[in-house]
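>>> Output the structure for:
(chains A and B)
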There are 2 protein chains.
Amino acid sequence: MQFQLTNDLIETVEQLIANRDGHALRALLHDYHFADIAELLEEIKSKEAAYLIQQLDSELTSDALMELDDDVRKKVLDRLSPIEIAKELEELDTDDAADIVAELDDEIQQEVISKIEDEEHAADILALLTYDENTAGALMAKELVQVKETWTVAGCVREMRRQAENVTRVHSIYVTDMDGKLTGRLSLKDLLTVGEKTKISEVFIPKVDYVTVRTENEEVARIMQKYDLEAIPVVDEAGILVGRITIDDIVDFIKDEADKDYQMAAGISADVEADDSVWQLTRARLPWLVLGLFGGLGSVYIMKGFDDALTRYVELFFFTPLIAAMAGNVGVQSSAIIVQGLANDIVKGSMFNRLVKEIGLALINGLALGLLVIIFGLITSMDQLVSLTIAISMVLVIIVAALVGTFVPIILDKRGIDPAIATGPFITTSNDIFGIFLFFFIAKLILGF
Amino acid sequence: MQFQLTNDLIETVEQLIANRDGHALRALLHDYHFADIAELLEEIKSKEAAYLIQQLDSELTSDALMELDDDVRKKVLDRLSPIEIAKELEELDTDDAADIVAELDDEIQQEVISKIEDEEHAADILALLTYDENTAGALMAKELVQVKETWTVAGCVREMRRQAENVTRVHSIYVTDMDGKLTGRLSLKDLLTVGEKTKISEVFIPKVDYVTVRTENEEVARIMQKYDLEAIPVVDEAGILVGRITIDDIVDFIKDEADKDYQMAAGISADVEADDSVWQLTRARLPWLVLGLFGGLGSVYIMKGFDDALTRYVELFFFTPLIAAMAGNVGVQSSAIIVQGLANDIVKGSMFNRLVKEIGLALINGLALGLLVIIFGLITSMDQLVSLTIAISMVLVIIVAALVGTFVPIILDKRGIDPAIATGPFITTSNDIFGIFLFFFIAKLILGF
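Presented below is the predicted three-dimensional model:
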């Protein structure tokens, strides 16, 4: 079962495309899984990919299109005519189709939709495009199996046979009243185990989790994860059932969010991948490096301000990278734990308790590390007062760095700003400057230079 | 529908527990969702939680138990008798039950299993415990709906009614030959749309994705994500169908892996949360800080080795935190992109091409940042040769840091070591030392101190 994209296969396909041999391409590839076709499309030129899509069955290529990287898909779609794109959209569920339409240039969106033969499908796609991004409305699909309370099980099965044609996966059957308001659900399993003449109103489960079209993606993901749901119905403001969201969309969302947080923590903005162009990668990385540079230049100024120490306590300057590293590492650790805690909703209790805990934690870590510095001082026969000074100021720097790393994300979160911003280079840079200043300031107090 | 755990509710429950009023507790809570009961259990003392579990229906509490944090669950289970634990296990799917048994102390595992009344269930749990952790065998559940090729659709529906009783969610019906070997699948949807007398062998889909009991979790997650599967059957070495894995287990796995990578990048080992004890947090954080400390002490030595520069080029020492920060930031960026790329299988192409790309990228970033340093030098009227020296060596440090950040993870990955280790403090610390050495070394070459 394991598919492996080989260079042989790629070459064969490229050769067939060069020969314009659509027949052989269909014969070769019609039995492949769409995800494997997608891998193949990513490896060949966009002109070739467009030809391949024209030749193969849209049922196969439409799903493959959905699997492509955004920028690869864009290039391929640019080479397809509105009518060819419309054919692909016909085969897709409305949520996927709407995603593709949203990616098209404004001027051809209308033309593509007008070329879709199934008018209901086209209308559904248009309806989905009206919702705000990042809300359940934009995430949901219109395809679902819906039955009325008043029907019998037999009538329900009959109706389901009809509806199921358009629904890729039947997770749940949603029950509505005569006005289309969501009133409950029915599992396929239940349907198998009751008599044919039973009324739906007698067997359906009136308790059903749902979201509204305005619910944000993050909240949808939280609810579906918490309650282990594989699909959730979406209602409009009036409670009318208008769509459903399935777990595969949420899996993608969770993965994207995790990737984004990870990149943010590493100082990479925008969503880039190892395969992106040098220019895209530079745009995502350079701004954070510039931030770090300004931080470093700030440190230069701070040290210049303390250059009295150069004559008697030059060791202090050898220790600044150590202090900066400690401040940075502690800050990143604290912020990472808090950002994850906020995301998973486990940062509870009073601010005061958290303050006490963080100070305690920083104190334990700081004292352990300070002890190592003093031992290092003894081994290298440093001036004992100097090594004690370094150890003491390092402990204080660690405490401050831990507090900054903990409370900056909490404060951002309370103000409705994504706390993930306050990880990585942001926290490292501010802790660097602050740490170096504090280090020299305390050293000056103790050593009196 | 939105459940909000209020202090009022917690107090009411605590009061009822104090009064030993099981009747009132059942009346109050029997209608709650298990995930909400789990939130409640996390907030009360483990002794109270154990009492609550004894009072409520196991159907509700068993699922709630699965939602608890590992350490909370451990404490609660410690307060339950083997027969009470067995009752909870009866209500759980075999995969969840086996997870709980594996968490119990060795000496009571056998006793708990022997108290399970359903012998088949007990045998299934025991069977699952024999598989290696992190393999499909340990992840799968034994509950599934299985039909034989030779049956008719009507017979199949009859048999499914029986089997479905034990299966929480019916995703797919697996088809086997007479020996139990997996030969295909049948979707519930298909079953709805064909005649009752049709033979399964005529309608089933012979193409079915599967994994073996030895397939690693990571590979299972990759396959299920790539092919958008909601469940995947698991076969043993002989091809006999022995279980299935559902997407909800994979969602948990993906989230755990992302959390682990994120923590690793932030310099936190072990799986800790914001709510863990100071001691647990210290154990996860201190080792990385000690690593950073040793790195910093290494830098002290390097700078001492270049102390000739102190007399004429003291500015160089003011710039070391800047150089260290740049080396660290660039290294973390490069390693994060590569680690993600490796995880998503998009690091392709030759090592040489990647080398050229990384050097190009580092050169662009380095030159832009170097220019800023020179401008800074002009504004602050620094010696122009010194600011040029700093800019040049910074560019080289950035190139080296990018190469280390890129190739260390790739090399680890090729040797079968988790490349995520080479992110965060590890890469920062080694790049700090290396960067500072390179900086002074190049400065010495140019300035000749």
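>>> wait, is residue A:243 part of a helix?
No - secondary structure of residue A:243 (DSSP: H, G, I helix; E, B strand; the rest coil): strand, not part of a helix.
>>> Stretch A:126-138 - what's its average pLDDT?
For stretch A:126-138, the mean pLDDT works out to 93.
>>> now the strands: where do they sit in the stretch 101-250 of chain A?
A:145-148, A:173-176, A:182-186, A:211-212, A:231-235, A:241-246 (DSSP state E, counting those that start in this stretch).
>>> Mind putting those strands into CSV with distance to chain B, mean pLDDT and mean neighbour count?
To be clear about C-beta, it is placed using only N, CA and C from the backbone, and glycine gets the same treatment. Shown next, in CSV, are the strands of the stretch 101-250 of chain A (distance: least, C-beta to the nearest C-beta, whole Å; pLDDT from 0 to 100; neighbours: other C-beta atoms under 10 Å in any protein chain shown):
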stretch, distance to chain B, mean pLDDT, mean neighbour count
strand A:145-148, 9, 88, 19
strand A:173-176, 11, 91, 22
strand A:182-186, 11, 91, 20
strand A:211-212, 9, 96, 20
strand A:231-235, 10, 94, 24
strand A:241-246, 8, 94, 24
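>>> Provide a list of residues in contact with the one residue in the stretch 301-449 of chain A that gets nearest to chain B.
Closest contact between the stretch 301-449 of chain A and chain B, by C-beta to the nearest C-beta, is at residue A:322 (2.6 Å). By C-beta atoms under 8 Å, 6 or more residues apart in numbering or on different chains, the contact list for residue A:322 reads A:394, B:293, B:295, B:296, B:297, B:299, B:300.
>>> show me the contacts for the third one.
Right, the one you point to is residue B:295. Neighbouring residues of residue B:295 by C-beta under 8 Å, 6+ apart: A:322, A:325, B:428, B:429, B:430, B:432, B:433.
>>> Look up how far residue A:197 lies from it.
With distances taken as C-beta to C-beta, to the nearest Å, residue B:295 is found 76 Å from residue A:197.
>>> Also the first one?
Using C-beta to C-beta, we find residue A:394 at a distance of 79 Å from residue A:197.
>>> Give me the pLDDT value at residue A:61.
Looking at residue A:61, its pLDDT reads 94.
>>> Now name the helix or strand holding it.
Secondary structure assignment for residue A:61, by DSSP states H and E: helix A:58-67.
>>> Helix or strand next in line after that helix, which one?
Note on helix A:58-67: by DSSP H and E, the next helix or strand toward the C-terminus is helix A:70-78.
>>> Tell me the buried residues in that next one?
A:72, A:73, A:75, A:76, A:77 (16 or more other C-beta atoms under 10 Å in any protein chain shown).
>>> who touches the first one in this structure?
Taking C-beta under 8 Å, 6+ apart, we find residue A:72 in contact with A:41, A:42, A:46, A:49.
>>> could you pull out the helices for the stretch 201-350 of chain A?
Applying DSSP state H, counting those that start in this stretch to the stretch 201-350 of chain A gives helices spanning A:217-226, A:247-265, A:278-305, A:309-312, A:315-343.
>>> Can you list the buried residues in the third one?
Across helix A:278-305, burial judged by 16+ other C-beta under 10 Å covers A:278, A:281-282, A:284-286, A:288-289, A:291-293, A:295-300, A:302-303.
>>> Out of the buried residues of helix A:70-78, which is nearest to chain B?
Nearest to chain B out of the buried residues of helix A:70-78 is residue A:72 (C-beta to the nearest C-beta; 11.4 Å).
>>> pLDDT at the closest one, what is it?
88.
>>> do residue A:165 as well
So, for residue A:165, pLDDT stands at 66.
>>> In helices, which of the contacts of residue B:295 appear?
Members of the contacts of residue B:295 lying in helices (criterion: DSSP state H): A:322, A:325, B:428, B:429, B:430, B:432, B:433.
>>> Out of those, the closest to residue A:367 would be?
residue A:322 (16.3 Å; C-beta to C-beta).
>>> Check the burial of residue A:370 by counting its neighbours.
Residues lying near residue A:370 (other C-beta atoms under 10 Å in any protein chain shown) number 22.
>>> Skipping adjacent residues, who's closest to it in space?
residue A:391 (3.7 Å; C-beta to C-beta, 6 or more residues apart in numbering or on different chains).
>>> and if you look at residue A:435?
Closest residue in space to residue A:435, ignoring its immediate chain neighbours: residue A:327 at 3.1 Å, by C-beta to C-beta, 6+ apart.
>>> Let me know whether the one you found touches residue A:397 as I believe.
Yes - contact status for residue A:327 versus residue A:397: in contact at 5.2 Å, counting by C-beta atoms under 8 Å.
>>> quick one: which of those two has more around it?
residue A:327 (30 against 25).
>>> Show the contacting residues for the more buried one.
Contacts for residue A:327 (C-beta under 8 Å, 6+ apart) come out as A:397, A:398, A:400, A:401, A:431, A:432, A:434, A:435, A:436.
>>> quick one, what contacts the last one?
Contact criterion C-beta under 8 Å, 6+ apart gives A:299, A:302, A:303, A:320, A:323, A:324, A:327, B:321 as the residues in contact with residue A:436.
>>> One more: the second one?
Residues in contact with residue A:398, defined by C-beta under 8 Å, 6+ apart, are A:326, A:327, A:330, A:362, A:365, A:366, A:369.
>>> Just among the residues you listed, which is most surrounded?
Going by other C-beta under 10 Å, residue A:330 tops the contacts of residue A:398 with 32 neighbours.
>>> is it possible to export the contacts of residue B:295 to TSV including distance to residue B:233 and pLDDT?
Formatted as TSV, the contacts of residue B:295 follow (distance: C-beta to C-beta, whole Å; pLDDT from 0 to 100):
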residue	distance to residue B:233	pLDDT
A:322	55	93
A:325	50	91
B:428	44	87
B:429	46	90
B:430	45	90
B:432	50	90
B:433	51	92
